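# no letters, just coordinates:
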């Protein structure tokens, strides 16, 4: 057995013998990309307290990863196609691991955001490379099964991130969560050289760098607008980002339509199946990322679970993703992708609808069914769409195909966190104001508590601490009248602290229910649109890729 695999699969007459081991390497690479975000959700409270982050800082710690990740994928996917898909994977893993070490050493919000941006750039190389290498390594008859396992890995990472991060946070600081990625990246790099065959396009031609630059500009501006507007208000920055995104998108489409070898043939989006698959991916992850954003907060803040317990309680989601993926492998060949994907989206809508029942008295048991249904839905919906999107591209553009799929996913996730996160914050603020109406809570304290559920509980704890301080003073005061006054004030503040705690939990629970209702409506409407666009069992998603090129490639072998 060769120590380093250097023979491209295009030069062999039979399927690559170690392709399933190669898939394991690709899945490991995918694992750290997803875990980088899900682990952060449970590390965020400790990071906020240690670095003194405000809500804007924390938002950009999360989204500093997203902007370069989404913006660079299309161009980097094309570069990987031309020069080396395995090389793009390995370089991306090196950059990602370097950013993780940088994050571990960071000691301010600025350096953490910078580290996350470096990790995002690495992820933009890794993500399209995993799909393009998968498609080039597996024969078409096995691609759907391989993509199903790739999808299931994403579901595993959703739960594994909080679980591993929670275990680390039990004995270490938040910075240790960045180091989760390093040993996995090293293992994936070694595995890539030993098990993953090299691959690149035989006839990619010159890269359309003009279209690539325009794609970076419009996607980056769009993501920035999605983050800035809902969270920080539609000021000059958000409006300018919207203008730049719109202008750059129009310029990108015009450029690609006129270019002889475009980075992305935008005419593919005129095919209903291709457009429907991308729409389904984007809308589904709008719901998944948005729901995950507030579910982890509810488990940690309202129900009081620590980071490890939160991770453990997300495991039903991971198990359900694997079950859904198994169902996809059984159902899609029999009923077609249209019905499998539609069933997954209906399930996602139902999961959000179940969350509308959340209230102040809800326990973890009330979240199990939504988590299971959501996991099953991810397994059902994602892999058929990914398989269809990848199948719409010729072998020379597999990296671009992977980038298109992943950009749809990331845009949907960003929209989910921005839209549903903004709705959650507004709803929580309004419900908290109603719940504390008539109280003697100072306006400044109410404003602080309305900033986030964590800030609300911090205000309640501050009131409770003041009550305990007055009670201790009363116990050490020799003047009976003064002691009585202090005890009365302590009791009043203690009661106020309990009421504030109840008000914060109730307001956030009501906000989760309200936001879930909006999310269910959005995904429900999207389900109808996607179902109308997706092809039936006997139709293809898009026009077949250039068959003459495939025949020439086969003849060359």
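Nice, I can see it. Since this is a predicted model, take the numbers as computed values, not measurements. Residues are numbered from 1 along each chain as shown.

# what are the ranges of the helices in the stretch 201-350 of the chain?
Applying DSSP state H, counting those that start in this stretch to the stretch 201-350 of the chain gives helices spanning 209-232, 236-258, 272-297, 307-313, 315-335, 337-355.

# between these, which gets nearest to residue 173?
helix 307-313 (11.7 Å; Cβ to Cβ). Where C-beta positions appear, they are placed from N, C-alpha and C, glycine not excepted.

# chain center to the closest one, what's the gap?
Distance of helix 307-313 from the chain centroid (Cα atoms, centre = their mean, to the nearest Å) equals 18 Å.

# quick one on the thing from earlier: which one of the helices of the stretch 201-350 of the chain has the lowest average pLDDT?
Of all the helices of the stretch 201-350 of the chain, mean pLDDT reaches its minimum on helix 307-313 (a mean of 82).

# that one packs against which elements?
helix 19-51, helix 140-169 (3 or more Cβ pairs under 8 Å, 6 or more residues apart in numbering; DSSP states H and E).

# isn't residue 176 right next to residue 104, touching?
Yes - under the criterion of Cβ atoms under 8 Å, residue 176 makes contact with residue 104 at 7.2 Å.

# before we move on, the earlier item: okay if I get the helices of the stretch 201-350 of the chain as a markdown table plus mean neighbour count?
Below are the helices of the stretch 201-350 of the chain laid out as a markdown table (neighbours: other Cβ atoms under 10 Å):
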| stretch | mean neighbour count |
| --- | --- |
| helix 209-232 | 21 |
| helix 236-258 | 16 |
| helix 272-297 | 25 |
| helix 307-313 | 21 |
| helix 315-335 | 19 |
| helix 337-355 | 24 |
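
# which one of those lies nearest to residue 447?
helix 209-232 (16.1 Å).

# which neighbouring elements make contact with the closest one?
Using 3+ Cβ pairs under 8 Å, 6+ apart: helix 209-232 touches helix 55-63, helix 66-83, helix 236-258, helix 398-415, helix 421-435.

# please redo it, this time with the cut-off set to 6 Å
helix 66-83, helix 236-258, helix 398-415 (3 or more Cβ pairs under 6 Å, 6 or more residues apart in numbering; DSSP states H and E).

# need the ones you listed in a markdown table with distance to residue 446, can you?
Shown next, in a markdown table, are the helices and strands packed on helix 209-232 (distance: least, Cβ to Cβ, whole Å):
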| stretch | distance to residue 446 |
| --- | --- |
| helix 66-83 | 32 |
| helix 236-258 | 26 |
| helix 398-415 | 30 |
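
# what's the closest of those to residue 535?
Across the helices and strands packed on helix 209-232, closest to residue 535 is helix 398-415 (Cβ to Cβ), at 17.0 Å.

# residue 520: what's it in contact with?
With contact taken as Cβ atoms under 6 Å, 6 or more residues apart in numbering, residue 520 is in contact with 349, 352, 353.

# same deal with residue 383?
Residue 383 sits in contact with 147, 148, 151, 328, where contact means Cβ under 6 Å, 6+ apart.

# what of residue 410?
residue 70 are the contacts of residue 410 under Cβ under 6 Å, 6+ apart.

# got a pLDDT number for it?
So, for residue 410, pLDDT stands at 85.

# and residue 132, by the same measure?
92.

# could you measure it against residue 406, distance?
Distance of residue 132 to residue 406, computed by Cβ to Cβ, to the nearest Å: 11 Å.

# do the same with residue 93
From residue 93 to residue 406 the distance is 16 Å (Cβ to Cβ).

# over to residue 144?
From residue 144 to residue 406 the distance is 18 Å (Cβ to Cβ).

# so those two - more neighbours on which side?
Remark: of residue 144 and residue 406, residue 406 carries more neighbours, 27 against 21, as counted by other Cβ atoms under 10 Å.

# leaving out chain neighbours, which residue sits closest to residue 461?
Among residues not flanking residue 461 along the chain, residue 497 sits closest, at 7.5 Å (Cβ to Cβ, 6 or more residues apart in numbering).
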